[in-house]
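*Asks:* need a structure here:
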Amino acid sequence: MSAYRLEDERAIRTGRLVDDWTTSGLLTPAQRDIVMPQLAVDLRRTNKFLRIILFLFGGLILQSALSLVAMFIDALRDRVWMAVLCLTAGGGCFWLASRLVGRYRLYRFGVEEAVALCAAGLTAAGAAVPVW
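*Replies:* You can find the predicted model right below:
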């Protein structure tokens with residue numbers, strides 16, 4: 001299951017291959033300029049450095065917000081409240097990740113990856129806390 005259209009992912013993959021082929025000399029820059037406009041997608045992407053920074057910053061914001069809520073409702077002392085908070089926050093993070101991908105068309109942008117990772121981690125933690 002993917003949140004992105006198969007055609008968009010194929011176009012991105014093919015665009016990377018065209019760049020590699022141009023670098024290796026299999027395609028000329030003129031051929032690259034003809035092929036690349038046909039592979040354009042409407043997804044927002046960023047470079048690796050900014051992607052890492054946005055991932056770390058987004059994760060830090062999510063963790064800080066969750067910790068603040070946990071302190072306000074005093075969930076750190078009770079396992080049931082901690083499980084409810086983790087499961088609720090996991091569902092909220094999943095909704096937010098879906099919204100970032102669907103509405104803002106983010107693709108490997110860093111922020112939506114951090115939110116999706118937090119959704120998986122919080123859901124797993126919410127399921128594991130009552131068992132401990």
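*Asks:* report the central residue of the chain.
*Replies:* Residue closest to the average C-alpha location in the chain (Cα atoms, centre = their mean): residue 113, at 1.8 Å.
*Asks:* list the contacts of that one.
*Replies:* Residues near residue 113 by Cβ atoms under 8 Å, 6 or more residues apart in numbering: 51, 55. Any C-beta I mention is one placed from the backbone N, CA and C, and that applies to glycine too.
*Asks:* what's the spacing between it and residue 120?
*Replies:* As defined by Cβ to Cβ, to the nearest Å, residue 113 lies at a distance of 11 Å from residue 120.
*Asks:* what of residue 108?
*Replies:* Between residue 108 and residue 120 the computed distance is 17 Å (Cβ to Cβ).
*Asks:* over to residue 58?
*Replies:* Separation of residue 58 from residue 120 (Cβ to Cβ): 14 Å.
*Asks:* and those two? Which one has more around it.
*Replies:* Higher neighbour count among residue 58 and residue 120: residue 58, with 20 against 13, using other Cβ atoms under 10 Å.
*Asks:* excluding chain neighbours, what is closest to the more buried one?
*Replies:* Ranked by Cβ to Cβ, 6 or more residues apart in numbering and with sequence neighbours excluded, the top spatial neighbour of residue 58 is residue 114, at 3.7 Å.
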